[in-house]
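A.B. asks: Coordinates for the following, if possible.
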Amino acid sequence: MRLESFGVTGYGIFGDLDLDLSAPGLHVLLGPNGVGKSTLAQAMADLLYGVPERTPYAFRTAPSKLRLRATVTDADGKRTDIVRRKGRKKTLLRPDGTPIADDEFLPFLAGVSRENYESSFVLTQHQLREAGHALARGEGRLGELLFHAQGVQAPVTVLQEIEERKDAIFRPRGQVLDLNKAIRDYRDCRTKVHEFTTPPRVYTELTNDFARTSAEVDALSQQLDDATEQQRRWETVQSRRSDVQRRRTVLRQLEILSRQGVFVPLGAAAELDKIRVQRANARNEVDRINTELSQLNGRLDELVIDHTMLNHAAEITALSADRTSQSEKRQRLDELVEPVAEAQRLADTTRSAVSSAWSHDDALADVIPAGASETIAALCKQYVEHTTEQAEVTQQIQRYQNELTHATEKLHALPDVLDPMDLEVAIERVREADAPERRLSDARRAASRAENKARQELQDLGINERELEHLGTVVLPTRARINTLCRQADELDDRDRDLHKDIMQSHARRRKAQRDLDGLLLGDPPPTEEELDAARTRRDNDLEQLRSDCAVSPPHDAKRLTERLAGIHEAVTVTDGMADRMRREASALARRHQLVATIETENADIDELASDANTHAADRTEWEKSWRTLWAATGTSPTPAEAIDVHSRLTKARDHARSAEEHNQRVDQLTDEIDSLTTVQRRELDAIEQPAPQQQTLNELLHRAERHLKSIRNHAHERDSALAEVNRASDELTSLEQRERTCTDRIQAWQHRWDQAVDEARPTAPGRIRTTPRPC
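C.D. replies: The predicted structure follows:
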């Protein structure tokens, strides 16, 4: 890219300047300090890359009138006229004011950034100063160029090499380097040590838990030992259970035999020895069983039953009952011994009545048919069985008749059972409501909490408490709108500060320029050109006269020569002073013109800033109007700094108010529901003739209804049990009456067979058989 022309308007000290740079070759701008060389260099950078928002070169005219213009030619020879204005967006324009896109101008810059451009092509005093500081830090492109010019490696390169060497040793997020591995291993070990280290509090808790667990283990071990001993005793009892059962069977058989009579047939003599042996064996067995029973009773006395043996409660109860009846059975056994002794005496009497030479076969040879004795014996046995069964059936009939009478009386004594269906439905409705009174209390507390929170938020904001119903309908501004206005407020504040700062700076610059101008106007008037020419003429004449005198005759009087040289020196000094004063006056005149232009510029800037301030005040008024409108519905107007917090608090207060309103509606619903359920409960209690007091709550009515429902169910259960008992006794009584008829029929049939057997076996010799059985 090449600049064909360059011009500025209102930039720095230049009001309007145009430079023609179309000629080939190098263009040099030469001038003393203060003529604007650095200003033009900075203007070229601002032309290419944009004017900064707070540039120090916009003091001559209004910032909006600052313009930088140029004609540029690219590598292809394409010419483009550009204009740069001060602003934030679309600052690069064509001469007609049409914006130029950034992408369209980028090829002219060839990828050179502003920093590289200023460090490579622009060397101002400020940049040299900054470059010196960067050079001290080993930074900056200019510093690198200087180091390369001396043949020394740049500090940045050295720092990069050091950084690479450092990265080869350690990286913050490295995984492969040895130092990273060592650090990672160290951290892992430290973590493991921390994990495996038990804090004192945890150690104390674990020690206490271990001691408590040990005590529990010891107690359980003791209980286990006791249970093992009890189990061993119980197993011993179980192993002898068969003996106990066998003894119980023998005692039951003895009891049955005690109720039966013993019939002695004609052939009893031959069976006496066998009976005697059986009796002895029976006595020995009874003694053995008594001995074992005594031992078992002793062991049962030692046995301690605890909760671990509740599973064998039925068996223990049976053993206890057996133990309770042992004395009665032993007494019964003693009673059975007496009939046996009586039978023995009767057997001895019967045997002495029979002749020793007469045998049973001889006695039956003439009249009694063979086998008559066995038939009669069998009939005697059948008679005993039939009469025993009849007696048992008669006793059972009597017992069941008593039970039937008792059950019937009990059934008639029970009250009539009411139908609990409606009461159950009412109770179920209350249960399905899931504790409405508790939910009503919770809803009231929630509503109260929400109202208190809403009031607290309003009190914290310093707002007078308003009705919560109205607060629930307040339309709060959106957070986006608040953020937009807050951002606008920040921008207005920034503009306010900038305007105030610019006005103060403009006033300060104008006062300084005025002071400088006043200082230049003070003092003696400078010499004129005529006076300077006269002084130079006198100086030259004196010098020429001295030169000519010296050429004619050399001076011999040193004093006179010294006086003439002093006069000439004085004339030279006066002449130089006058020339110097005139030069300074020329500079002062230029300075006066510059200061006057500066004062005029500052006045124009102050006027423009005053106009901007008026526009800013109008914008501020419009913003305040929008801000008040935004917060009008809430009854408050916070500052932008407080807006977000106030909005959040108002939102919370409104949400709490709406929540309180919802809870109050829920309270009304629950109140209606409780009233309805209370009415139903009272109606159902009145229906079962159990009226409740008016002051009772729904829970009290529910408990009252549940108690009466339980009572009704108990009465129904008792009535069902009594009715089942009556039916069972009736069924058993019917069955026993049938058995009694069967027994009667059997006894009648036996009587007929007995009569036949007696008629057939009636003897003519001694040894006569009785027609009716005779118990021994």
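A.B. asks: Against residue 226, how distant is the residue lying closest to residue 240 once chain neighbours are set aside?
C.D. replies: Residue nearest to residue 240 in three dimensions, not counting chain neighbours: residue 296, with 6.1 Å by Cβ to Cβ, 6 or more residues apart in numbering. All C-beta spots, glycine's among them, are computed from the backbone N, C-alpha and C. From residue 296 across to residue 226, the span is 21 Å (Cβ to Cβ, to the nearest Å).
A.B. asks: what's the neighbour count on the residue nearest to residue 240?
C.D. replies: Neighbour count for residue 296, taken as other Cβ atoms under 10 Å: 22.
A.B. asks: Also residue 591?
C.D. replies: Residue 591: 17 neighbours (other Cβ under 10 Å).
A.B. asks: for the helix or strand harbouring it, what is the average pLDDT?
C.D. replies: For residue 591, the enclosing helix or strand under DSSP states H and E is helix 558-630. Predicted confidence along helix 558-630 averages 79 (mean pLDDT).
A.B. asks: Summarise which helices and strands that helix is packed against.
C.D. replies: helix 479-521, helix 529-552 (3 or more Cβ pairs under 8 Å, 6 or more residues apart in numbering; DSSP states H and E).
A.B. asks: Just send the ones you listed back as a markdown table, with distance to residue 86 and mean neighbour count too.
C.D. replies: Shown next, in a markdown table, are the helices and strands packed on helix 558-630 (distance: least, Cβ to Cβ, whole Å; neighbours: other Cβ atoms under 10 Å):
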| stretch | distance to residue 86 | mean neighbour count |
| --- | --- | --- |
| helix 479-521 | 13 | 14 |
| helix 529-552 | 45 | 13 |
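A.B. asks: got TSV for those helices, with mean pLDDT and distance to residue 215 too?
C.D. replies: Formatted as TSV, the helices and strands packed on helix 558-630 follow (pLDDT from 0 to 100; distance: least, Cβ to Cβ, whole Å):
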stretch	mean pLDDT	distance to residue 215
helix 479-521	82	63
helix 529-552	73	125
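A.B. asks: surely residue 671 meets residue 443?
C.D. replies: No - Residue 671 lies out of contact with residue 443 (Cβ atoms under 8 Å); the separation is 9.5 Å.
A.B. asks: neighbour count winner among these two?
C.D. replies: The residue with more neighbours, out of residue 671 and residue 443, is residue 443; 21 against 14, by other Cβ under 10 Å.
A.B. asks: Spit out the contact partners of the more buried one.
C.D. replies: Shown in contact with residue 443 (Cβ atoms under 8 Å, 6 or more residues apart in numbering): 663, 666, 667, 670.
A.B. asks: who's in contact with the first one?
C.D. replies: Contacts here follow Cβ under 8 Å, 6+ apart; on that basis residue 663 touches 443, 444, 446, 447, 450.
A.B. asks: Does residue 3 belong to a helix, a strand or coil?
C.D. replies: Put simply, residue 3 is strand when judged by DSSP: H, G, I helix; E, B strand; the rest coil.
A.B. asks: list the contacts for it?
C.D. replies: Residue 3 neighbours (Cβ under 8 Å, 6+ apart): 21, 44, 70, 71, 72.
A.B. asks: If any of those residues are buried, put those into a ChimeraX selection.
C.D. replies: Buried members of the contacts of residue 3 can be picked out in ChimeraX with the line below, counting by 16 or more other Cβ atoms under 10 Å:
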select :44,70,71,72
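A.B. asks: which of the contacts of residue 3 sit farthest apart?
C.D. replies: Pairwise distances among those were taken by Cβ to Cβ; the largest, 13.0 Å, belongs to 44 and 71.
A.B. asks: quick one: buried residues of stretch 9-27?
C.D. replies: Result for stretch 9-27 [16+ other Cβ under 10 Å]: buried residues 9, 10, 11, 12, 13, 14, 17.
A.B. asks: got a list of what the fourth one touches?
C.D. replies: Read it as residue 12. Per Cβ under 8 Å, 6+ apart, neighbours of residue 12: 36, 39, 42, 43, 57, 59, 60.
A.B. asks: Can you add secondary structure and give these back as a markdown table?
C.D. replies: Below are the contacts of residue 12 laid out as a markdown table (three-state DSSP):
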| residue | secondary structure |
| --- | --- |
| 36 | coil |
| 39 | helix |
| 42 | helix |
| 43 | helix |
| 57 | coil |
| 59 | coil |
| 60 | coil |
